[in-house]
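Peer 1: no sequence on this one, just coordinates:
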């Protein structure tokens, strides 16, 4: 489309620039002539510089044969009516006001296009920041607790798809609750941010897809629109490893202190206990079995023997030392352990079972310490199991993580949930004659080997303890 413009002012110049810079799909407008009484008008000068047809009399346009459209941009209706009378039948004409309308539409459209481009750039930057640059878990939450957005890192940990999360309440997704977090132990940082309109920070315990506890440091930052806080960006950092390390260090310090105390107490008590036991036994030899004092002396002897067993356990606990590791077949250690406890199990009519996986890689362990740990667990299992029950040992190799796992399970009474987190604490016991050191010693042995001790239990159905030892690099996955 070839266009002649009457009026070579600034709007004519801008129109020419628009045609030059914009790509049209169906028509290809091009200014071919400009008329203006002022030869210094910017549109006139631009046309002249481009070797277009220029004139001070728009009547010259009617002599041109290649003009499709005449645009009147002076604003004079007299000029526009004159053009309508003189133009050829197949030439179109547009008045200044009509041209202004299309100019404004074009300007708005161009502005919208630029805004759209900037919006797309902002969205791309936003997704890059929350999914790639920031490694922490991110939620965008509205003031109604509903999730507006979530990054890929948190989705992966939750084991959910985006459509399963967006629009749901944050406390449903991260805490498996049906109401917002509250209270001194579980404050809601979103509430604090909405109230104070300032960033907030707290620590929470979340659950992953396997219902395991994850400790999070949570920070919320207000989202402001129109001067009002409409929600918050929640950034969560997994501090589970830090918490675990702190707990392990505290436990090790506590165990070391208790060990030193235990050693001192055991040595001090051992000598007088020996004297009491020896004296009671000598007196028993000097009196008749029917003597009323015999029963009392037997009680003294049995109680002194029980105290000596506790003292022996204290010394074992205090003597925990750095393991002397050698490359060992874990199945052979289990076989030998079963032979050692066979009589105790038979005495209670408890069946011992073994389910040992073939081809398990050998691991670097202190054989005596591992055997001590297994015996501790086996004796506990036998004591917790009624006659006719069973205690089972199993082994397997876990390729993911390269761990060798031993499981010691029973069909006993199980462990009450309210004491489950205390079972490895020194001196904690639920047995009348127990010292409370067996599981503490076992737990310490696993830690010294870089392994872990876990338990699954159900009241009335039994317990299963899992001992996991790492396989050193360089050791083949199969023997």
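Peer 2: Sure thing, it's come through. Only a predicted model underlies this, so the values are computations on that prediction, with no experimental measurement involved.

Peer 1: For the stretch 1-150 of the chain, which segments count as strands?
Peer 2: For the stretch 1-150 of the chain, the strands defined by DSSP state E, counting those that start in this stretch occupy 2-6, 30-35, 53-55, 69-72, 92-94, 137-142, 147-150.

Peer 1: For those, give me a markdown table that also has mean neighbour count.
Peer 2: Quick note: C-beta positions are derived from backbone N, CA and C, even for glycine. As requested, these are arranged in a markdown table below (neighbours: other C-beta atoms under 10 Å):
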| stretch | mean neighbour count |
| --- | --- |
| strand 2-6 | 24 |
| strand 30-35 | 22 |
| strand 53-55 | 19 |
| strand 69-72 | 23 |
| strand 92-94 | 16 |
| strand 137-142 | 21 |
| strand 147-150 | 19 |
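
Peer 1: Can you tell me which of the ones you listed is nearest to residue 187?
Peer 2: strand 137-142 (15.1 Å; C-beta to C-beta).

Peer 1: Adjacent strands (with direction) for the closest one?
Peer 2: strand 147-150 (antiparallel), strand 228-238 (antiparallel) (DSSP bridges).

Peer 1: which ones are touching residue 155?
Peer 2: 161-162, 165 (C-beta atoms under 8 Å, 6 or more residues apart in numbering).

Peer 1: Over to residue 87?
Peer 2: Residue 87 touches 61-62, 70, 93, counting by C-beta under 8 Å, 6+ apart.

Peer 1: hmm, which two among these are most spread apart?
Peer 2: Across the contacts of residue 87, the longest distance by C-beta to C-beta is 11.3 Å; it joins 62 and 93.

Peer 1: what's the helix or strand for residue 271?
Peer 2: Taking DSSP states H and E as the definition, one finds residue 271 inside helix 240-286.

Peer 1: related to what we said a few turns ago, so which of the strands of the stretch 1-150 of the chain is nearest residue 354?
Peer 2: Among the strands of the stretch 1-150 of the chain, the nearest to residue 354 by C-beta to C-beta is strand 137-142 (43.6 Å).

Peer 1: Excluding chain neighbours, what is closest to residue 57?
Peer 2: Spatially, and ignoring its direct neighbours in sequence, residue 57 is nearest to residue 35 (6.7 Å; C-beta to C-beta, 6 or more residues apart in numbering).

Peer 1: surely the one you found meets residue 61?
Peer 2: Yes: shown here, residue 35 and residue 61 form a contact pair, counting by C-beta atoms under 8 Å, at 6.5 Å.

Peer 1: can you list residues touching both of those two?
Peer 2: Both residue 35 and residue 61 are in contact with 4, 6, 55, where contact means C-beta under 8 Å, 6+ apart.

Peer 1: confidence score at residue 111?
Peer 2: Among the per-residue scores, residue 111 holds a pLDDT of 58.

Peer 1: Ok, residue 25 next?
Peer 2: Value listed for residue 25 in the pLDDT field: 72.

Peer 1: Next, count neighbours for it.
Peer 2: 5 (other C-beta atoms under 10 Å).

Peer 1: ok so, going back, now the strands paired with strand 137-142 in a markdown table, please, with extra columns for mean pLDDT and distance to residue 308.
Peer 2: Shown next, in a markdown table, are those (pLDDT from 0 to 100; distance: least, C-beta to C-beta, whole Å):
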| stretch | mean pLDDT | distance to residue 308 |
| --- | --- | --- |
| strand 147-150 | 86 | 61 |
| strand 228-238 | 83 | 48 |
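
Peer 1: quick one, helices of this protein?
Peer 2: In the chain, the helices defined using DSSP state H lie at 10-21, 42-49, 77-86, 96-128, 152-158, 170-175, 189-196, 240-286, 292-318, 330-347, 367-384, 438-448.

Peer 1: Residue 378: how many residues sit nearby?
Peer 2: 22.

Peer 1: In space, what's closest to it - neighbours in sequence excluded?
Peer 2: Distances taken as C-beta to C-beta, 6+ apart place residue 341 nearest to residue 378, at 4.8 Å, with adjacent residues excluded.

Peer 1: so the one you found touches residue 382, yeah?
Peer 2: Yes: counting by C-beta under 8 Å, residue 341 does reach residue 382; the two are 7.1 Å apart.

Peer 1: buried stuff in stretch 298-310?
Peer 2: Neighbour-count burial for stretch 298-310, counted by 16 or more other C-beta atoms under 10 Å, picks out 300-301, 304, 307-308, 310.

Peer 1: swap in stretch 398-418?
Peer 2: Judged by neighbour count (16+ other C-beta under 10 Å), stretch 398-418 contains these buried residues: 403-415.

Peer 1: Rounded mean pLDDT for it, please.
Peer 2: In this model, stretch 398-418 has a mean pLDDT of 86.

Peer 1: what does stretch 294-309 give?
Peer 2: Rounded mean pLDDT across stretch 294-309 is 81.

Peer 1: which strand is the longest one in this protein?
Peer 2: Longest strand of the chain, by residue count under DSSP state E: strand 213-225.

Peer 1: Residues contacting that one, please?
Peer 2: Applying C-beta under 8 Å, 6+ apart, the set of residues contacting strand 213-225 from outside is 137, 140-141, 157, 189-190, 192-194, 197-208, 229-240, 242-243.

Peer 1: Same question for stretch 272-283.
Peer 2: 293, 297, 300-301, 304-305, 307-308, 311.

Peer 1: Next, give me the two most distant ones among these.
Peer 2: 293 and 311 (26.0 Å).

Peer 1: More neighbours: which of those two?
Peer 2: For residue 293 versus residue 311, neighbours defined as other C-beta under 10 Å are more numerous around residue 311 (20 against 12).

Peer 1: could you measure the more buried one against residue 290, distance?
Peer 2: Distance, residue 311 to residue 290, using C-beta to C-beta, to the nearest Å: 33 Å.

Peer 1: Report pLDDT for residue 465.
Peer 2: In this prediction residue 465 is given a pLDDT of 91.

Peer 1: do the one 3 residues further on as well
Peer 2: What the model reports for residue 468 is a pLDDT of 91.

Peer 1: cool, and the one 4 residues further on?
Peer 2: Confidence per residue is given as pLDDT, and for residue 472 that number is 80.

Peer 1: What residues does it make contact with?
Peer 2: Residues near residue 472 by C-beta under 8 Å, 6+ apart: 363-364.

Peer 1: got the buried residues for stretch 36-46?
Peer 2: 36, 41-46.

Peer 1: ignore the last one, stretch 351-368
Peer 2: Buried residues in stretch 351-368, defined by neighbour count with 16+ other C-beta under 10 Å: 352, 360-367.

Peer 1: Need the residues you listed in JSON lines (columns: pLDDT).
Peer 2: Below are these laid out as JSON lines (pLDDT from 0 to 100):
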{"residue": "352", "pLDDT": "91"}
{"residue": "360", "pLDDT": "90"}
{"residue": "361", "pLDDT": "90"}
{"residue": "362", "pLDDT": "90"}
{"residue": "363", "pLDDT": "89"}
{"residue": "364", "pLDDT": "89"}
{"residue": "365", "pLDDT": "89"}
{"residue": "366", "pLDDT": "86"}
{"residue": "367", "pLDDT": "87"}
